[in-house]
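> Model the structure of this input:
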Amino acid sequence: MITINLLASERRRGAAISAGGNVPWLVAAVVLVGILAAWSAVLIHRTAQLQASIADVVRQETALRPVAQQVQQLQQTATYLQGRQAVLTQLLSTQMPAAESLQTIQSVIPSDVWLTTMATTNANQVTFDGYAFSYPEVARFMVQLGGSNAFQDVDLTSGDKDMIGDRDVVRFEVTGTLQARPVTTERGVVR
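Residues are numbered from 1 along each chain as shown. I've put the predicted structure just below:
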């Protein structure tokens, strides 16, 4: 006779079913742990790359800091020199260069007039002291000086008879206003 214990087989089936029901959860947990481990490895690698980049930037900044300071100093020097250049340009615009003024005087002075001094009394006022053989020669000098476009408001300040040796002469003083000329620099004309 064969006896079948039906009760025992159900226990075995229940144990097999309960053991088989935990496998998907266990596999899901292992896969999740694997994904988290892989993601952690990627993040650690990325963090290491970013730290290396930060260290490289810090090295570059340290190397470039003296250059940046030198550039700032050069900019300050350039600003200072531009200010000085502006002042010099302004001063030069009110002066007539010596060669130009002598050429202007040479071209307008009559042959019977000679100058003893030529001086500036202020920024634009010029005084001419000299001698001539006659008053008409002094007047001609004044007219030609005023027409030279280098001087304006030419005026006779004084004119007196004088003697040089045995010759009668006229001692005169003429003033005029020097017209501002454009100053030419390496970059062009500056007013």
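
> can we go C-alpha only for contacts and neighbour counts from here?
Noted.

> neighbours around Thr127, how many?
Thr127: 20 surrounding residues under other C-alpha atoms under 10 Å.

> Which elements pack onto the longest helix along the chain?
The helix that spans the most residues within the chain, counting by DSSP state H, is helix 23-93. Under the contact criterion of 3 or more C-alpha pairs under 8 Å, 6 or more residues apart in numbering; DSSP states H and E, helix 23-93 touches strand 183-185.

> what's the average pLDDT for the strand it packs on?
Across strand 183-185, the average pLDDT comes to 52.

> ok, then the element right after the longest helix of the chain?
Using DSSP states H and E, the helix or strand that follows helix 23-93 in sequence is helix 98-108.

> Okay, buried residues for that following helix please.
The neighbour-count check on helix 98-108 (16 or more other C-alpha atoms under 10 Å) flags 104-105, 108 as buried.

> re the thing from before, distance from the chain centre to the longest helix of the chain, please.
27 Å (C-alpha atoms, centre = their mean, to the nearest Å).

> Which of the buried residues of helix 98-108 sits closest to Arg84?
Closest approach to Arg84 among the buried residues of helix 98-108 (C-alpha to C-alpha): Thr104, at 29.6 Å.

> wait, that closest one sits on Ala150?
Yes: using C-alpha atoms under 8 Å, Thr104 makes contact with Ala150 at a distance of 7.5 Å.

> tell me the domain ranges of the chain?
Taking automatic domain parsing as the criterion, the chain consists of the domains 1-71, 94-190.

> which one of these is the most hemmed in?
Mean neighbours per residue, mean count of other C-alpha atoms under 10 Å, is largest over these for domain 94-190, with a mean of 15.

> from the chain's centre, how far out does that one sit?
The chain centroid and the centroid of domain 94-190 are separated by 41 Å, computed with C-alpha atoms, centre = their mean.

> Dump the domains of the chain into a markdown table; add distance to Thr77 as well.
Rendered in a markdown table, the data for the domains of the chain read as follows (distance: least, C-alpha to C-alpha, whole Å):
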| stretch | distance to Thr77 |
| --- | --- |
| domain 1-71 | 10 |
| domain 94-190 | 19 |
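
> and of the ones you listed, who's closest to Gln82?
Taking the domains of the chain one by one with C-alpha to C-alpha, domain 94-190 is closest: 13.0 Å.

> Okay, Ile105 and Phe141: tell me how far apart.
From Ile105 across to Phe141, the span is 9 Å (C-alpha to C-alpha, to the nearest Å).

> Asn22 versus Ala41, what's the distance?
For Ala41 relative to Asn22 (C-alpha to C-alpha), the value is 29 Å.

> Low-confidence stretches in this protein?
For the chain, applying pLDDT under 70 flags the ranges 1, 4-21, 93-99, 122-123, 180-191.
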